[in-house]
Each structure stands twice: as structure tokens, then as C-alpha cells.
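> here's a sequence, model it:
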Amino acid sequence: MKVNALFKTVGLACFLAVAAGCATDQTTASGSQDKYEKTMAEAQAALKLAKSKNNVWRDNEKFLKQAEEEAKKGDYDKATKLAEKAKFQSEMAVKQIEAQPNPGPYK
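Coordinates of the predicted model:
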């Protein structure tokens, strides 16, 4: 009788562990989509600021377009990385124009 109770307890523990694992996978997938959407919004806002200062780096918009394409395919991790690159470049473009407001040829 004790062996039967032990098997039931172990079986229940295994079932709960598997069920918890499945639930975690679903939240991770949607979590990465949420992160992508947040990062994409931040990247677009940073690009808008860089455009307002008339200093947009070459690949900013290319990275945003690639991020959108990867998101359509469902690869939110890659899309997030591309959006982060675009955000970084836009932020650096703003810092550059603030540090060097009147760039010109070296004299």
C-alpha cells in the first residue's frame, strides 16, 4: 500500500512539473513579443528625435525594416536585437550632433 501511494505522489509531481514547464514556454514566447514591441516603439521614438536634429545614421531605418520583417516571421528575439541596434544608432546620432553641433572640414 505504501508503494502505491509513493507512485501516485511521484506521478503527480511529474505531471505538475511538466504542466508548469508548458505554461512557462507560452509566457516566454509572448514575453519576447512584448519586449520586441516595447523596443521597437523606443527605437522609432529615438529615430524621430534623430530626424528632428537632422542627423540620421545610414543604417537606422534599414535595421527597423529588418526588425519588422523578422517579427512578421515570428522571430521576436532577432527582431528585438535589430530594433535595439536601430535605437542605439539613433541615440548615438543625437549625442553626436549635440557634441559636434557645427561639424565641418578639419582646418
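> now the most centrally placed residue in the chain: how far from residue 71?
In the chain, the residue lying closest to the centroid (C-alpha atoms, centre = their mean) is residue 80, at 2.7 Å. Here residue 80 is placed at a distance of 9 Å from residue 71 (C-beta to C-beta, to the nearest Å). Yep, even glycine has a C-beta here, placed from its N, CA and C like the rest.
> how close does the residue nearest to the centre of the chain get to residue 66?
From residue 80 to residue 66 the distance is 12 Å (C-beta to C-beta).
> after the host helix or strand of residue 69, which helix or strand is next?
Using DSSP states H and E, the element containing residue 69 is helix 60-73. As assigned by DSSP H and E, the chain's next helix or strand after helix 60-73 is helix 76-99.
> do you know how far the nearest residue to residue 59 once chain neighbours are set aside is from residue 98?
Leaving aside its sequence neighbours, residue 59 sits nearest to residue 89 (C-beta to C-beta, 6 or more residues apart in numbering; 6.4 Å). Separation of residue 89 from residue 98 (C-beta to C-beta): 15 Å.
> which of the two has more neighbours?
Set residue 89 next to residue 98 and count neighbours by other C-beta atoms under 10 Å: residue 89 wins out with 23 against 10.
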